[in-house]
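J.: Need a 3D model of the following:
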Amino acid sequence: MRFSENARRSLAGGSLLLVALVGGSELVSGCSSIIGGRPVASPGAGPTEPSFPTPRSTPPSATAAPAPGPSAAPSNPTNPAGAIPLPPDQNGYVFIETKSGVTRCQINKDTVGCEAPFTNSPLQDGEHANGVSINTGGKVQWVLGNLGAIPTVTIDYKTYAAQGWTIIANADGTRFTNDQTKHGMFVSVEKVNTF
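T.: Have a look, this model is predicted:
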């Protein structure tokens, strides 16, 4: 039997379509399978999430004598009187945890970022954001994330100074104010107010 050129093209196209449909369903079903177990990285497989020690230290008291030497001088002369200084780590970060243990924050000279189970946060990728940050210029960003195993200092309901930010903690929440620009935010699980 002899087929016209158009008939041969139609048959060839139909065969390709049939192969794509049958083969494609196998490919899709392969993508939807669930494999049990626990992934384990092999040596040399690339970087892993850093692991930091998580000491639960308390900040120095306001009446503690300053350490001798030039590092005892305040890094920001505009710190409010009586503010307890929180020294940064070698990378310029201060990590705190509120007295309640519900909110954790990282502070550097440019930004403050906090993580908490916020009850009224905006949606990010279909989920409620659990992180908020503000920079010295007042720009706010909500994120989904995890600060990881950061070495936090648990703060009490007092006033602190860290990297050019004044931190006022009380039972209602924690207020972060940049000492130069006066921008900042008040953070609690129920709300975040920026200014």
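
J.: Pop the domain breakdown of the chain in here.
T.: Taking automatic domain parsing as the domain assignment, the ranges for the chain are 1-28, 78-194.

J.: can you give me the strands for this protein?
T.: Counting by DSSP state E, one finds strands in the chain at the ranges 84-85, 94-97, 104-107, 111-115, 123-124, 127-128, 131-135, 140-143, 153-154, 159-162, 165-170, 173-178, 184-187, 192-194.

J.: Partner strands of the first one, with direction?
T.: Think strand 84-85. Each strand pairing with strand 84-85, determined using DSSP bridges, is listed with its direction: strand 159-162 (parallel).

J.: Check the second one too.
T.: Strands that pair with strand 94-97, judged by DSSP bridges, come out as strand 104-107 (antiparallel), strand 153-154 (parallel).

J.: same check, this time on the last one
T.: In the sheet containing strand 192-194, the strands it pairs with under DSSP bridges are strand 184-187 (antiparallel).

J.: re earlier: please identify which of the strands paired with strand 94-97 is closest to Arg175.
T.: For these, distance to Arg175 was read as Cβ to Cβ. The smallest value, 11.6 Å, belongs to strand 104-107. Just so you know, the C-beta spots here come from the backbone N, C-alpha and C atoms, and that holds for glycine as well.

J.: which residues touch the closest one?
T.: By Cβ atoms under 8 Å, 6 or more residues apart in numbering, the list of residues contacting strand 104-107 from outside reads 86, 93-98, 112-116, 147, 150, 152, 162-163, 165, 167, 174, 176, 187.

J.: before we move on, what about stretch 158-169?
T.: 59, 62, 74-76, 79-80, 82-86, 88, 92-94, 96, 98-99, 107-109, 112, 136, 155-157, 174-180, 184.

J.: For the residues you listed, which PyMOL command selects only the ones that are buried?
T.: Those of these that meet the burial criterion (16 or more other Cβ atoms under 10 Å) are gathered into one PyMOL selection, given here:
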select buried, resi 59+76+79+83+84+85+86+93+94+96+98+107+108+109+112+136+155+174+175+176+177+178+179+184
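
J.: What are the boundaries of the helices in the chain?
T.: Applying DSSP state H to the chain gives helices spanning 5-31.

J.: ok now do the closest residue to Gly92 other than its chain neighbours, which residues does it touch?
T.: Across the structure, with Cβ to Cβ, 6 or more residues apart in numbering as the measure, the residue nearest Gly92 apart from its sequence neighbours is Asn108 (5.2 Å). Residues in contact with Asn108, defined by Cβ under 8 Å, 6+ apart, are 88, 92-94, 163.

J.: ok so, going back, I'd like to know which of the strands paired with strand 94-97 lies nearest to Leu123.
T.: Each of the strands paired with strand 94-97 has some distance to Leu123 by Cβ to Cβ; the shortest is strand 104-107, at 21.6 Å.
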